[in-house]
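Chemist: Mind folding the following:
(one chain, ligands or ions: 1)
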Amino acid sequence: MQPLWQHILQRRTKLLLRGTLIVCPFLHSYNPNFVPFKNSFNIMDIQTILEKFTKHLGGNATAVYASPGRINLIGEHTDYNGGFVFPGAVEQGMICAFRPNGTRVIRAYSADLKDYDEFSIDDPAGPHASHFRYVFGVAREMMARGVDVQGFDTAFAGDVPLGAGMSSSAALESTFAFAINDQFGDNKIEKMELAKVGQATEHKYIGVNCGIMDQFASVFGKKGNLMRLDCRSGEFQYFPWNPKEYRLVLINSRVKHELVGSPYNDRRRSCENVVAAINAKFPELKAQTLRDCTWDHLEAVKDTCDPVDIKRAKFVLGEVDRVLAVSDALERGDYETVGQKMYETHYGLSRDYEVSCEELDFLNDVAFDCGVTGSRIMGGGFGGCTINLVRNNLYELFTTTVVERFTEKYGKKPVIIPVVIGDGSRRLL
Ligand code: GAF
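Modeler: Numbering: from 1, shown residues only. Next up is the predicted model:
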């Protein structure tokens, strides 16, 4: 397989050969009216969800809650390996209208899917449909943490594009974790534990052994800030995100990203296999995750492990280093390095972690050809979006080109989603 340095060299040469012809960014200025994606949580949205509630559940809701989806600048598949991630909340999210009903039953209406169900919080089987299982799982996990959860009526909806890898499911979980804590728990459950409630819901009620990044970002999001989380210690810092000359944009391939039933859990298992082999060879290390292991440890077990598992583990160690390099680069305002690390992550996710697909690789190639500073798959992979760090003066050229070239090749338009970093879980009414 072609090594990374050769890949980068080849791309740089290609870029030089194409020269200014491709880029000519200075001829294109950023068009502020270009907002093809609806932002969320304005008063209209609150009104709409209240109306849906009244229509499908009767009477009036007594509260409204919301939680966002997320982006991630860098640090993929590092969370369940105890590494670093660099997410931020977005303005798109989930919203729910809520009213305690004095019973032991949750009566829930999904406005997006036009689906209604009711289920007892005391019956461990819970509902069948996954959109209701998130609500049920969160209620049960809050009960398991000592909250006196009661029955409630709810209507919920959202504008996180489904299957785009922006964590609509975490947004839904965080919305209900926050709501139940507020309504029945006197807000006694700490925010990090609310994130863990969402994560436990994924593990136990949905079957995805995810890390903590998505729920963390949804609960802790802060307008205008990215966050660097150390998933081993739980420590995190906000990083103001306000580059003057760059912006982030997602390009949704519209290949549906779906972690349920995907090889996501296999990737996690690969990493755990390597940790087990390292612990067998170095029992004193007592490594919990790959974060506790070094390149030397990997080298020492490489002949006793499945080479595919080793390849995955190498990606993870490299990705942890990249997040730290990006943090340093951001502190210096060095966005070129940030972008270069993003390309390296894409390469690793595509070739070593193997969670890309043809369409995502194509989007990454087009970004590179256009001279975009950084571009990579965002989130778990297997479809969804690329995240792109683009100079303002290249933005319009890039978004136009990528739509043209992708549509020409795949016969469908990718969706452009400008990133606006928003707030985390909150009560709106
Ligand atoms: C998905 C998971 F839910 C996260 O926990 C994380 O592992 C991510 O994929 C990959 O970084 O979004």
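
Chemist: Counting neighbours, what do you get for His56?
Modeler: Other residues near His56 come to 18 when the count uses other Cβ atoms under 10 Å. Just so you know, the C-beta spots here come from the backbone N, C-alpha and C atoms, and that holds for glycine as well.

Chemist: Does it touch Thr154 like I think?
Modeler: No - with contact taken as Cβ atoms under 8 Å, His56 and Thr154 are classed as non-touching, separated by 10.0 Å.

Chemist: And the strands in this structure?
Modeler: If DSSP state E is used as the criterion, the strands of the chain fall at 63-72, 84-85, 87-100, 105-110, 115-120, 152-158, 225-230, 236-240, 246-252, 374-377, 385-391, 415-418, 426-427.

Chemist: Would you check the distance separating stretch 344-359 from the middle of the chain?
Modeler: Taking Cα atoms, centre = their mean, to the nearest Å, the mean C-alpha location of stretch 344-359 is offset from the chain mean by 16 Å.

Chemist: Tell me the span between the first and last residue of it.
Modeler: Start-to-end span of stretch 344-359 (Cα to Cα, to the nearest Å) is 18 Å.

Chemist: Could I get the buried residue list for it?
Modeler: Residues of stretch 344-359 classed as buried: 344-357, 359 (neighbour count, 16 or more other Cβ atoms under 10 Å).

Chemist: Also stretch 380-393?
Modeler: 380-391, 393.

Chemist: Those residues into CSV, with extra columns for distance to the ligand and pLDDT?
Modeler: Conversion of the buried residues of stretch 380-393 to CSV gives the following (distance: Cβ to the nearest ligand atom, whole Å; pLDDT from 0 to 100):
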residue, distance to the ligand, pLDDT
Gly380, 3, 95
Gly381, 7, 94
Phe382, 10, 92
Gly383, 12, 95
Gly384, 9, 96
Cys385, 11, 97
Thr386, 14, 98
Ile387, 12, 98
Asn388, 17, 98
Leu389, 17, 98
Val390, 22, 98
Arg391, 26, 98
Asn393, 31, 98
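
Chemist: Spatially, which two of these are the most separated?
Modeler: Among these, the pair separated by the greatest distance (Cβ to Cβ) is Phe382 and Asn393, at 33.2 Å.

Chemist: can you pull the contacts of the nearest residue to Met143 once chain neighbours are set aside?
Modeler: Closest residue in space to Met143, ignoring its immediate chain neighbours: Val149 at 4.9 Å, by Cβ to Cβ, 6 or more residues apart in numbering. The neighbourhood of Val149, defined by Cβ atoms under 8 Å, 6 or more residues apart in numbering, consists of Ile121, Ala139, Met142, Met143, Ile180, Phe184.

Chemist: Let's see that with 10 Å instead.
Modeler: For Val149, the contact set (Cβ atoms under 10 Å, 6 or more residues apart in numbering) comprises 100, 104, 106, 121-122, 138-143, 180-181, 183-185.

Chemist: what do you get for Gly221?
Modeler: With contact set as Cβ under 10 Å, 6+ apart, Gly221 has these partners: 67-70, 87-91, 93, 174, 227, 238, 421-426.
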